[in-house]
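# just coords:
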């Protein structure tokens, strides 16, 4: 109750009392996302250039399977960054929203302009069970840092099974028409920045982005603290001799 706690990530003794039960070294550990090859639109990382066309687009973006126009993330969903997100999301360490929100601000594209920030909504039953929506907390921190208003314009109109363990196709099927917009006037003709904690296949944010566009949003980009590194090995991503991407 009085002495400093132990770091929830590395276990080292904290040297001073803090509302964030993580040591400074672990808070500073997450590194920015870096990959030699990335999709020009969704910024998915690749181990080689072969999955990208001459315009730098991946297969999903070429087929128009992504509902959003661009995606930005601070780092890969692994190591310390993964632990920090888990502490916020499942450990209910709400104070971690501030440092993770700072990472979101670092990932924010300075050459772009957005009119409104919309957090990815959680179904009311899941929010009741968890007690909060981590996307809401992150969106509030980001909004204050970049000076863009936050509006909870989207809602999750049906509960869906957890996405974990599903294939990319099943994930997209799982969230089809799962979102709607209750404040269309807040997004009509506007550039929207959609906030979530992690981007895995992009199925959830894509479905939410499509709902925002159906409500009249002009442009929808996604920003997350982390994204899954789904790169195959170079051998797997290199086409056979005589073939091109």
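It's in. Every value quoted in this text rests on a predicted model; they were computed, and no experiment measured them.
# so residue 21 makes contact with residue 8?
Yes. Here residue 21 reaches residue 8: they are 4.9 Å apart, a contact under CB atoms under 8 Å. (C-beta placed from N, C-alpha, C; glycine too.)
# identify the contacts common to these two.
Common contacts of residue 21 and residue 8, defined by CB atoms under 8 Å, 6 or more residues apart in numbering, comprise residue 93.
# so where do the strands sit in the protein?
In order along the chain, the chain carries the following strands (DSSP state E): 37-38, 45-46, 70-76, 116-119, 154-156, 179-181, 191-199, 219-227.
# can you list these in JSON lines and add distance to residue 98 and mean pLDDT?
Written out in JSON lines, the entries for those read as follows (distance: least, CB to CB, whole Å; pLDDT from 0 to 100):
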{"stretch": "strand 37-38", "distance to residue 98": "28", "mean pLDDT": "92"}
{"stretch": "strand 45-46", "distance to residue 98": "27", "mean pLDDT": "90"}
{"stretch": "strand 70-76", "distance to residue 98": "14", "mean pLDDT": "95"}
{"stretch": "strand 116-119", "distance to residue 98": "16", "mean pLDDT": "98"}
{"stretch": "strand 154-156", "distance to residue 98": "24", "mean pLDDT": "91"}
{"stretch": "strand 179-181", "distance to residue 98": "27", "mean pLDDT": "90"}
{"stretch": "strand 191-199", "distance to residue 98": "14", "mean pLDDT": "97"}
{"stretch": "strand 219-227", "distance to residue 98": "12", "mean pLDDT": "97"}
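# list the contacts of residue 130.
Listed by CB under 8 Å, 6+ apart, the contact partners of residue 130 are 92, 122.
# that one and residue 107: what is the separation?
Taking CB to CB, to the nearest Å as the measure, residue 130 and residue 107 are separated by 24 Å.
# what does residue 56 give?
Summarising the geometry, the distance separating residue 56 from residue 107, computed by CB to CB, is 19 Å.
# and for residue 92?
Residue 92 sits 24 Å away from residue 107, taking CB to CB as the criterion.
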